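Undergrad: take this sequence and fold it.
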Amino acid sequence: MLQIPNQKIKQAYFLFFLTLMGALLFYWMKDFISSFLGALTMYILMRKPLLYLQEQKRWNKTLVVVLLMLASILLLILPVGLTTMMLSSKVGYLVEHYKEFLTILQRYSAEISQRFGIDILSNDTIQKLTETGARIIPTILSGALNSVTQVAVLYFVLYFMLMEGKMMEKIVMENSPFHNDNTLLLAKELNTQTVSNAVGIPVLATLQAIFACIGYLIFGMDQVLFWAVITGLFSILPLVGTLIIWVPLSVYLYFNGLHWHGIGLFLYGAIVITNVDNVFRFVVQKKLGDTHPLITFFGVIVGLDLFGFIGIIFGPLLISYFLILLEIYKKEYAGK
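TA: From the prediction side, this is the model:
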């Protein structure tokens, strides 16, 4: 009969209770996963300026940490908060009056069908799209509006990450299941993908919003700032993102009697807005880090469902991290 050493039994019990405790902790803290991801992302972005100011310029470490955190609030948290407040008021109106918007969509769809013989949207499709938007959009924005506690936790964790960064990195290196070369490669790839997503996505959205705003001003759209911000947000979706906004707006202008405005906005969107997306995504963002468009697309979908508004960044990051870990695992253990 096979005898199992007592030490192995004790080890198995210990691992069982350790796993159980970890699962319970994860369950209790699941609402703050986005806070930890945000702290990790911001730590990676702040690491170089932190080391530069602390080690080369000889600035006080606590002062550097506080300044970096204040800068992140001014450059990230404040703009996101103001944008969310602006959007929430507009989207709230849209949700409350979605039946009116449904009627408008049906009317324009019928006019297009009558003039050109093209049945773009059936009544059932319009109904489903409108009801889905009325259900999903508030969910997305609520994740940003109700995130005061999450932001507080993020900065609490980030403070200690920045203050104890070297010790944290040393612990990770010592406890990594990979060889040192693969661990360093993992750190490099995580850094590259974090910069690509956490910097590339917001910069792309901002550029698209600026160029869209110029076009909407030129061709006489109402609520220019609102539609520019929406265009910037949808630019995150590869290939078709901004088309979802400026094509319907062009049609709206055309069928409201502003024929040349509608045609002009359509041409501006096709020539300018689309090419801003293409140039940035395939030139600039490749220098930051080559993130496949499908990773961004599915990452945004997953991220919005898991984290709300901020998931447009964390979703692609999670998928990128998973693929990097999978690749490192193959390098470490393949063939063994």
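Undergrad: secondary structure class for F178?
TA: The three-state assignment at F178 reads coil, by DSSP: H, G, I helix; E, B strand; the rest coil.
Undergrad: angles on the backbone of it, please.
TA: The phi/psi pair for F178 (degrees, to the nearest 10) reads phi -100, psi 160.
Undergrad: show me the contacts for the closest residue to it other than its chain neighbours.
TA: The spatial neighbour of F178 that comes closest, neighbours along the chain excluded (C-beta to C-beta, 6 or more residues apart in numbering), is E332 at 5.0 Å. Every residue, glycine included, has its C-beta placed from N, CA and C. Taking C-beta atoms under 8 Å, 6 or more residues apart in numbering, we find E332 in contact with 177-179, 182.
Undergrad: weed out the non-buried ones from those residues.
TA: In the contacts of E332, burial by neighbour count holds for 178, 182, counting by 16 or more other C-beta atoms under 10 Å.
Undergrad: and the contacts of E332 as a markdown table, adding distance to G315?
TA: Formatted as a markdown table, the contacts of E332 follow (distance: C-beta to C-beta, whole Å):
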| residue | distance to G315 |
| --- | --- |
| P177 | 26 |
| F178 | 25 |
| H179 | 30 |
| N182 | 26 |
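Undergrad: need the contacts of E332 in a markdown table (columns: pLDDT and distance to W260).
TA: Converted to a markdown table, the contacts of E332 look like this (pLDDT from 0 to 100; distance: C-beta to C-beta, whole Å):
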| residue | pLDDT | distance to W260 |
| --- | --- | --- |
| P177 | 75 | 64 |
| F178 | 76 | 61 |
| H179 | 79 | 65 |
| N182 | 78 | 60 |
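Undergrad: quick one: the residue nearest to F178 from L184, how far?
TA: E332 is 13 Å from L184, where distance means C-beta to C-beta, to the nearest Å.
Undergrad: could you look up the SS state of I236?
TA: Secondary structure state of I236, per three-state DSSP, is coil.
Undergrad: give the contact list for it.
TA: Counting by C-beta under 8 Å, 6+ apart, I236 touches 201, 204-205, 296, 300, 312.
Undergrad: redo that, cut-off 7 Å
TA: If you count contacts by C-beta atoms under 7 Å, 6 or more residues apart in numbering, I236 has them with 201, 205, 296, 300, 312.
Undergrad: for it, give me the pLDDT.
TA: pLDDT for I236: 74.
Undergrad: just read off the phi/psi values of it.
TA: Torsion angles at I236 (phi, psi; degrees, to the nearest 10) stand at phi -60, psi -30.
Undergrad: any stretches of this structure with poor pLDDT?
TA: 1-8, 10, 84, 86-148, 238-240, 278, 281-293, 306-310, 334-336 (pLDDT under 70).
Undergrad: I319: neighbouring residues, count only.
TA: 23 (other C-beta atoms under 10 Å).
Undergrad: just the element for it, please.
TA: Counting by DSSP states H and E, the element that carries I319 is helix 311-333.
Undergrad: may I see the buried residues of that helix?
TA: For helix 311-333, burial by neighbour count (16+ other C-beta under 10 Å) applies to 311-321, 324, 328, 332.
Undergrad: follow-up on the earlier one: looking at the contacts of E332, which is nearest L267?
TA: Using C-beta to C-beta, N182 comes nearest to L267 of the contacts of E332, at 50.8 Å.
Undergrad: what's the host helix or strand of that closest one packed up against?
TA: Using DSSP H and E, N182 sits within helix 180-198. Applying 3 or more C-beta pairs under 7 Å, 6 or more residues apart in numbering; DSSP states H and E, one finds that helix 180-198 contacts helix 33-51, helix 285-288, helix 311-333.
Undergrad: among those, which is nearest Q150?
TA: Using C-beta to C-beta, the helices and strands packed on helix 180-198 put helix 33-51 closest to Q150, at 4.7 Å.
Undergrad: on contacts alone, who are the packing partners of the closest one?
TA: Helices and strands touching helix 33-51, by 3+ C-beta pairs under 7 Å, 6+ apart, are helix 61-72, helix 148-163, helix 180-198, helix 311-333.
Undergrad: now those as a markdown table including distance to F211?
TA: Below are the helices and strands packed on helix 33-51 laid out as a markdown table (distance: least, C-beta to C-beta, whole Å):
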| stretch | distance to F211 |
| --- | --- |
| helix 61-72 | 26 |
| helix 148-163 | 30 |
| helix 180-198 | 21 |
| helix 311-333 | 19 |
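Undergrad: wait, which of these is closest to Y254?
TA: Of the helices and strands packed on helix 33-51, nearest to Y254 by C-beta to C-beta is helix 311-333, at 30.7 Å.
Undergrad: and the angle from that closest one to helix 180-198?
TA: Orientation of helix 311-333 against helix 180-198 (axes from the mean of the first three to the mean of the last three C-alpha atoms, to 10 degrees) gives an angle of 160 degrees.
Undergrad: how far does helix 311-333 sit from the chain's center?
TA: Its chain's C-alpha centre and that of helix 311-333 lie 15 Å apart, by C-alpha atoms, centre = their mean, to the nearest Å.
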